[in-house]
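Enquirer: got a predicted model here, sequence first, then my questions.
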Amino acid sequence: MDENRLVVRMLVRSREDFQAMRKKNDNRLGMKADGTEQVNLTSRSFSPKHAEMFAEISDAARAQEKAIEKKLLKVLREFPIYESWLKNVKGVGTISAGWIVGEFDIRVADTVSKLWQFAGLNPGEVIGKKSVSLADAEKSGARIVKTFENQGGEKCAIIVTDTLIRGDRLTPGFVAPFNKRLRVALCGVLADSFIKQRAPYRTFYDDYKLRLENSEREVEERTGGGKSKMVEWREAKKSHRHRAAIRYMIKAFLRDLYENWREMEELPVRPPYQEEYLGHEHVA
């Protein structure tokens with residue numbers, strides 16, 4: 001990873017650390033994100049002196065978050081994709097841009113499908129990978145893609161298996177096939193921003209959700225306890241259609257990102273794998 005991208009990633013994650021600390025402190029103090037008090041706090045009453053102390057800690061963390069955001073913006077301005085495209089997309093703030101620039105490697109992502117997969121938006125099957133001890137990995141003869149030391153100092157390795165797993169789900173015993181924190185940043189924070197600010201990309205969300213509300217196409221829906229059933233999209237839970245529409249919206253955004261970013265880097269732009277080789281139309 002080049003230094004500037006690494007700096008962006010570190011700034012974004014540092015800001016996230018301060019934010020998490022502040023939220024935990026506010027929760028202990030019994031405060032909501034907007035500064036108002038939570039309800040039912042009989043067990044969390046503090047004297048004014050101590051309440052002020054906790055408030056000072058939260059204020060310091062919040063100030064640090066803002067300071068990091070300023071530094072992040074300064075570094076982002078060194079990236080053409082930010083200056084020429086991302087900052088002009090309604091709904092994309094400094095932090096979302098930081099996640100995008102810091103986590104995606106556009107030179108490795110030679111198709112938009114790879115962006116989708118890395119962000120956890122590919123419902124198809126992918127080759128599963130496992131984390132095992134380095135000794136076991138070498139003994140098995142499996143292909144090793146990464147070596148590292150765990151928290152206990154043991155040498156470990158990520159190996160490629162012969163098992164196919166869902167590209168957008170966590171499978172017990174296997175390494176996550178996508179970047180979990182990035183998916184939250186895109187399908188949580190960025191998607192919410194697109195919807196609340198009524199950004200142009202919200203059109204994809206609204207149109208797709210309406211299509212699903214009238215669709216007889218069947219989809220697998222989880223019923224709890226590890227079980228699932230097939231239902232028509234129009235009969236699926238509202239939350240299920242909502243999540244599907246969010247995925248569709250973010251995939252549309254990533255497709256535009258891919259095309260603009262690759263062109264700026266003078267790299268070839270290819271259609272998604274499903275369209276290029278299988279002749280399938282894009283679906284969420």
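Expert: Received the coordinates, thanks. Small disclaimer: the values here were computed from a predicted structure and weren't measured.
Enquirer: any low-confidence regions in this structure?
Expert: Along the chain, segments meeting pLDDT under 70 span 31-45, 273-284.
Enquirer: can you tell me the centre-most residue of it?
Expert: residue 183 (1.7 Å; CA atoms, centre = their mean).
Enquirer: ranges for the strands of this structure?
Expert: For the chain, applying DSSP state E gives strands covering 125-133, 144-149, 155-166, 218-224, 227-232.
Enquirer: by how many degrees do the second one and strand 155-166 diverge?
Expert: Note on geometry: by axes from the mean of the first three to the mean of the last three CA atoms, to 10 degrees, strand 144-149 and strand 155-166 are set 130 degrees apart in direction.
Enquirer: and strand 144-149, how far out from the chain's middle?
Expert: Distance of strand 144-149 from the chain centroid (CA atoms, centre = their mean, to the nearest Å) equals 23 Å.
Enquirer: what's in contact with it?
Expert: The contact list for strand 144-149 (CB atoms under 8 Å, 6 or more residues apart in numbering) reads 129, 134, 137-138, 155-160. Where C-beta positions appear, they are placed from N, C-alpha and C, glycine not excepted.
Enquirer: one more time with 6 Å, if that's ok
Expert: Residues outside strand 144-149 that contact it (CB atoms under 6 Å, 6 or more residues apart in numbering) are 134, 137, 155-159.
Enquirer: and if you look at the fourth one?
Expert: Contact with strand 218-224 is made by 228-233, 236, 240, as judged by CB under 6 Å, 6+ apart.
Enquirer: please spell out the ChimeraX selection for the buried subset of these.
Expert: Buried residues within these, by 16 or more other CB atoms under 10 Å, are selected in ChimeraX with:
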select :233,236,240
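Enquirer: how about the contacts of strand 218-224 in TSV, adding distance to residue 145?
Expert: Compiled in TSV, the contacts of strand 218-224 are given as follows (distance: CB to CB, whole Å):
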residue	distance to residue 145
228	31
229	36
230	35
231	38
232	40
233	37
236	36
240	34
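Enquirer: quick one: which of the contacts of strand 218-224 is nearest residue 59?
Expert: residue 240 (40.2 Å; CB to CB).
Enquirer: so residue 191 touches residue 246, yeah?
Expert: Yes: between residue 191 and residue 246 a contact is recorded at 4.6 Å, counting by CB atoms under 6 Å.
Enquirer: can I get the strands of the chain in CSV with distance to residue 178?
Expert: As requested, the strands of the chain are exported to CSV (distance: least, CB to CB, whole Å):
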stretch, distance to residue 178
strand 125-133, 9
strand 144-149, 15
strand 155-166, 10
strand 218-224, 19
strand 227-232, 20
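Enquirer: wait, which of those strands is closest to residue 2?
Expert: Using CB to CB, the strands of the chain put strand 144-149 closest to residue 2, at 19.1 Å.
Enquirer: partners of that closest one, with directions?
Expert: Applying DSSP bridges to the sheet, strand 144-149 is found paired with strand 155-166 (antiparallel).
Enquirer: quick one: buried residues of the partner strand?
Expert: For strand 155-166, using 16+ other CB under 10 Å, the buried residues are 156-159, 161, 165-166.
Enquirer: nearest to residue 258, of those residues?
Expert: residue 166 (22.4 Å).
Enquirer: list the beta-bridge partners for that closest one.
Expert: The partner residues for residue 166, given DSSP bridges, come to residue 125.
Enquirer: longest helix anywhere in this protein?
Expert: helix 48-76 (DSSP state H).
Enquirer: what is the neighbour count of the spatially closest residue to residue 26 that is not a sequence neighbour?
Expert: Nearest non-adjacent residue to residue 26, counting by CB to CB, 6 or more residues apart in numbering: residue 58, 5.5 Å away. For residue 58, the tally of surrounding residues (other CB atoms under 10 Å) stands at 19.
Enquirer: for residue 58, give me its contacts.
Expert: 22, 25-26.
Enquirer: please repeat the previous calculation with a cut-off of 8 Å.
Expert: Contacts of residue 58 (CB under 8 Å, 6+ apart): 22, 25-26, 29, 31.
Enquirer: go on, residue 57?
Expert: residue 25.
Enquirer: okay, it and residue 2: tell me how far apart.
Expert: Per CB to CB, to the nearest Å, residue 57 is found 36 Å from residue 2.
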